[in-house]
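Enquirer: using only what follows, build the 3D model:
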Amino acid sequence: NDEDGIGVTSGGVQCVLCPPGRFSSESGQGSCVACEAGSASGAGAAACTACDPGTYASTKAMETCTSCLAGRHAATSGAVNCDGCAPGTSAPAGSAACDER
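Expert: The predicted structure is shown next:
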């Protein structure tokens with residue numbers, strides 16, 4: 001019996017946990033689906049979670065979101081990259097916004 005967060009391996013009959021970066025939202029689903037860029041999931045997830053502001057996931061099937069480097073920011077959730085701060089502003093790592101220096 002398949003449960004949320006569990007998919008059936010290709011050609012298999014046994015349900016297994018979806019690997020990190022993939023999910024299974026429906027019982028009985030035949031495979032795990034990759035999380036879209038801008039989101040991530042741990043093993044056995046029933047859904048992907050959008051990256052928090054200050055973090056990003058640039059590719060599909062990410063286990064965790066990555067913090068923006070110092071001098072860069074991601075203002076919204078679900079970011080696929082971090083934007084550079086404008087001249088005269090700065091931001092520590094993992095920032096959602098840049099501040100005036």
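Enquirer: low pLDDT regions in this structure?
Expert: 1-13 (pLDDT under 70).
Enquirer: how about a cut-off of 50?
Expert: Within the chain, the stretches with pLDDT under 50 are 1-2.
Enquirer: for it, which segments count as strands?
Expert: Using DSSP state E, the strands found in the chain span residues 6-8, 15-17, 22-23, 33-34, 39-40, 49-50, 55-56, 66-67, 72-73, 83-84, 89-90, 99-100.
Enquirer: so can I have CSV of those strands showing mean neighbour count?
Expert: Every C-beta, even on glycine, is put in place using the N, C-alpha and C of the backbone. Compiled in CSV, the strands of the chain are given as follows (neighbours: other C-beta atoms under 10 Å):
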stretch, mean neighbour count
strand 6-8, 21
strand 15-17, 16
strand 22-23, 24
strand 33-34, 18
strand 39-40, 24
strand 49-50, 17
strand 55-56, 23
strand 66-67, 18
strand 72-73, 23
strand 83-84, 14
strand 89-90, 14
strand 99-100, 10
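Enquirer: for Cys85, give its distance to Leu17.
Expert: 40 Å (C-beta to C-beta, to the nearest Å).
Enquirer: which ones are touching the nearest residue to Ala86 once chain neighbours are set aside?
Expert: Spatial nearest neighbour of Ala86, excluding adjacent residues (C-beta to C-beta, 6 or more residues apart in numbering): Cys98 at 6.5 Å. Shown in contact with Cys98 (C-beta atoms under 8 Å, 6 or more residues apart in numbering): 73, 85-86, 89-91.
Enquirer: try 10 Å
Expert: Residues near Cys98 by C-beta atoms under 10 Å, 6 or more residues apart in numbering: 71-73, 75, 83-86, 88-92.
Enquirer: which of the residues you listed sit farthest apart?
Expert: Greatest spatial distance among the contacts of Cys98 (C-beta to C-beta): Ala75 and Gly88, at 17.5 Å.
Enquirer: who has more neighbours out of those two?
Expert: Ala75 (13 against 8; other C-beta atoms under 10 Å).
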